[in-house]
Structures are given as structure tokens and as C-alpha cells.
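K.L.:
no FASTA, just this:
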Ligand code: F0G
């Protein structure tokens, strides 16, 4: 594996940016060709730079505050990033950690963290001069791609697993004008098909296999560090996040590796990355538990948290390294535990979709097992907004009560 960020600048660099294979170290010019995997060995690619910025280089707000850490200049934006870090005192007491904060990515323009990746990915697509943009999606990626594609005036195509995408996400993709193909298969089948289309030059792929999208998503890690420092004067010990394709886990780790390379972060202070999956869709957890550096693809996956209903996490080689390198772990939780956490977050005023609540359910499970200790400063990442999946929210909440249109009838109902 090749995760060294501080190697020499290769001839392939363009304005101090290049792509490197995490498996064999092969380097490539970033913007000459459309490329998603290493042409030598098929390994995952990552963006590298001849210089890594320090906190002093960041200015402004949102994702583009971190322009100094990006491969392209500010592009297609709908003001993504700059999401809140909430305190949740009752939940913090109940879980029993030193501090618990919720980084709510549902506050992004399309309601999920995907916007951070799309603002960069669509900007790169423009630079490459590609035509149609495409992705496979469990929903949120398609909503973000549709919105950013619309903003850029580009054609967008999304492949969704039929019947397995939450209503809010399909509505977004539809209204923002994406061509939506419902595939008779699961997310992994959709990704197989769209990857092949991309390889044939039919579309530019904006799934998290695309290394530029992850450059946008790494700003979650940078924002968490800056906000925690402002909030309670320390860096968090641990970040707990849901894992689907494992792009976020890889991206947040990359943010920290870059700060270490810049001499801005002590390797011992890098927060521990902890991944959470639903128990019937947990190939990543299996690989962590078995100490493997590859995942075994699960053909059949199922969970109420449809956003993370994924059997073959494409970024696993990066994310397994991230978990191991930071001393983290991964844990599987039941759908019931996810819904309970969704209710508890809602009771604190934080409305999230089921996949997001998996982070809190996972923290709870690890605290019960003593893996997380009571002296830790923990940040849970909630990745998408409650309204993404209105059916799940309504099922987890109470039922409306019918009353007549008069005060006496309402008082009678309240008196029950
Ligand atoms: N949470 C939500 C709400 C998501 O939509 C996703 C992924 C994840 C967590 C997992 O993130 O893939 O970086 O590990 N959704 C993708 C999609 C797959 O198509 O919207 P990851």
C-alpha cells in the first residue's frame, strides 16, 4: 500500500496536483484524461499535492474555506458545508462520555454530506470538459448530483435500486431534472453498471470512486477539528460515522493525514475513526473484525437504513487503513437500535434519517462494551436530514390523532 503523502512531486503534477495509486504508487496527471482507477493495477486513486496547507491558510466559510486544500478553484456552489456541531447534553449523559457532539450534515443544501463532494466533483467535470454526469446511488448522491448538475447546466443520469430509495431523495433527483433509471437490482449492481458505462465513455462517474469527490468530503474532518477547538478547546478523541461505500471514512482520514503532513497535527492527536453499519449490511465490519484489508462482497443486504444498504464498499481499501491507522474499530447495529437512536436525536431537536442515527446507535453499543470509555470527547456524524426518508420518520414517531373542528372536541382529546 502507498499512503505516503510527502513523496516528491512527480513529473505528472499539474499546478502541484496529481493522482497516485494507493496500491502501487503509480502517479498520473490529474486532468489530462478521465480516469477512475490505476491503469497499472486497478487500485484506488487519491489526489496528492506538492504542499499541504495549515489552518492559517483557510479563510471564509463552507467547503471553499478549504480552497487551499482543493485540487481546483471554487466552482459550482450552492453554499455547502459549514454545518452545525450540536451539543446534546441529555444524550451525552445517557451514553456516558466526557463530551458528545453531533455534526449534522443534514444541514447541507440538499440535506446530506454529498454536497461537499459534488461541489468539487462537478467543478472537475467542467475542467475535464465531459458531457453527461452519472452515479449509482442509494439516494443522497443522486439528489446532490441532480442539484449540482442542474446548477452547472449539465445533463445528469442516476441509477437507483428499484423500490429501495427513500421518497425524499427520489423527489429531489426528479425535480432537479436528473434522468432516473430504476434498476432491478441492489446498489452494488447499479454501481457495476454505471462504472462500466463510465469506462465506455458514456458518462462521467461521480460516485465516491471518483477521487476528486472525496477531496470535497474531507472538509468534514477539517470543520470538525476547527469547531471542536472553538467549542471546547480540544480536538475530539473519536469520530463515529455510518459506513456505506466507506468514502467518508477515507475522506475524513485524508484530511487528518494532510494536516499531519503539513506539520499542523500531531499523529497522536488524530481522532480515532469508528465505522458503523447495519447488521444485515455489514461487510466492512466483518473485514475489520477479521483483520482483512479487503472486504468480502455480501450479495444480499437489507436494512431500514437504505442509505447504507451496500454489500461491496468500494472505498474499503482506503477506509480499512483509516480505521486501523487511527486505532479505531467498526461495529454493526440492529435496525431497532438505529430507530431508537433516531428518536433520541429527534428528542434533542436533531432530525436525521436512519443511516445517520446508526452513528449514535454504534456509539451506544461500543460504550456498553467498554470499547469507548467515559473520558472520551466524541463526535457522531449524522449524514442526512430527517425529511430524506419521511416514511421512516413517520413510522418512528407518534401517529396523528383525528379530532373534530371545535375546541370542546380538542379539549376532550387532550383530556384522555
Ligand atoms: N449516510 C448517508 C445518509 C448516506 O447517504 C451514505 C451514503 C452514507 C451514510 C455512507 O457514506 O458511502 O461514504 O460510507 N450514501 C451513498 C448514496 C451510497 O448513494 O447516496 P459512505
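P.N.:
Done, it's in. Bear in mind the structure is a predicted one, so any value in this text is a computation, not a measurement.
K.L.:
how about the strands of the stretch 151-300 of the chain, start to end?
P.N.:
156-161, 179-183, 204-205, 238-242, 272-278 (DSSP state E, counting those that start in this stretch).
K.L.:
Kindly calculate the angle that the last one makes with strand 238-242.
P.N.:
Between strand 272-278 and strand 238-242, the angle comes out at 20 degrees (axes from the mean of the first three to the mean of the last three Cα atoms, to 10 degrees).
K.L.:
can you give me the offset of strand 272-278 from its chain's centre?
P.N.:
Relative to its parent chain, strand 272-278 has a centroid offset of 12 Å by Cα atoms, centre = their mean, to the nearest Å.
K.L.:
Quickly check: it near the ligand or not.
P.N.:
No - using Cβ under 6 Å from any ligand atom, strand 272-278 never reaches the ligand; the gap is at least 7.8 Å. The way it works is simple: take the backbone N, C-alpha and C, and place the C-beta from them, glycine included.
K.L.:
could you redo the strands of the stretch 151-300 of the chain as JSON lines and give each row mean pLDDT, mean neighbour count and distance to residue 367?
P.N.:
Below are these laid out as JSON lines (pLDDT from 0 to 100; neighbours: other Cβ atoms under 10 Å; distance: least, Cβ to Cβ, whole Å):
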{"stretch": "strand 156-161", "mean pLDDT": "98", "mean neighbour count": "25", "distance to residue 367": "33"}
{"stretch": "strand 179-183", "mean pLDDT": "98", "mean neighbour count": "16", "distance to residue 367": "39"}
{"stretch": "strand 204-205", "mean pLDDT": "98", "mean neighbour count": "24", "distance to residue 367": "38"}
{"stretch": "strand 238-242", "mean pLDDT": "99", "mean neighbour count": "27", "distance to residue 367": "10"}
{"stretch": "strand 272-278", "mean pLDDT": "98", "mean neighbour count": "28", "distance to residue 367": "11"}
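K.L.:
Dump these into a markdown table; add distance to residue 80 as well.
P.N.:
Formatted as a markdown table, the strands of the stretch 151-300 of the chain follow (distance: least, Cβ to Cβ, whole Å):
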| stretch | distance to residue 80 |
| --- | --- |
| strand 156-161 | 17 |
| strand 179-183 | 22 |
| strand 204-205 | 19 |
| strand 238-242 | 18 |
| strand 272-278 | 22 |
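K.L.:
so who does residue 337 touch?
P.N.:
361, 364, 365 (Cβ atoms under 8 Å, 6 or more residues apart in numbering).
K.L.:
mind listing which of the residues you listed are in strands?
P.N.:
Using DSSP state E, no member of these sits in strands.
K.L.:
ok, residue 219 touching residue 115?
P.N.:
No - between residue 219 and residue 115 there is no contact under Cβ atoms under 8 Å: 10.5 Å.
K.L.:
any residues in contact with both of these two?
P.N.:
Overlap of the contact sets of residue 219 and residue 115 (by Cβ under 8 Å, 6+ apart) consists of 63, 81.
K.L.:
nearest spatial neighbour of residue 178, skipping sequence neighbours?
P.N.:
residue 146 (3.8 Å; Cβ to Cβ, 6 or more residues apart in numbering).
K.L.:
Direction-wise, compare the stretch of helix or strand the one you found belongs to with strand 179-183 and give the angle.
P.N.:
Residue 146 is part of helix 140-152 when elements are defined by DSSP states H and E. Between helix 140-152 and strand 179-183, the angle comes out at 160 degrees (the same axes, to 10 degrees).
K.L.:
relative to strand 156-161, how tilted is helix 140-152?
P.N.:
Computed by the same axes, to 10 degrees, the angle separating helix 140-152 from strand 156-161 equals 170 degrees.
K.L.:
need the contact list for the residue nearest the centre of the chain.
P.N.:
Nearest residue to the geometric centre of the chain (Cα atoms, centre = their mean): residue 248, 3.9 Å. Shown in contact with residue 248 (Cβ under 8 Å, 6+ apart): 113, 208, 217, 220, 241, 381, 383.
K.L.:
Quick check: can you list the domain ranges of this protein?
P.N.:
1-50, 85-111+214-396, 114-210 (automatic domain parsing).
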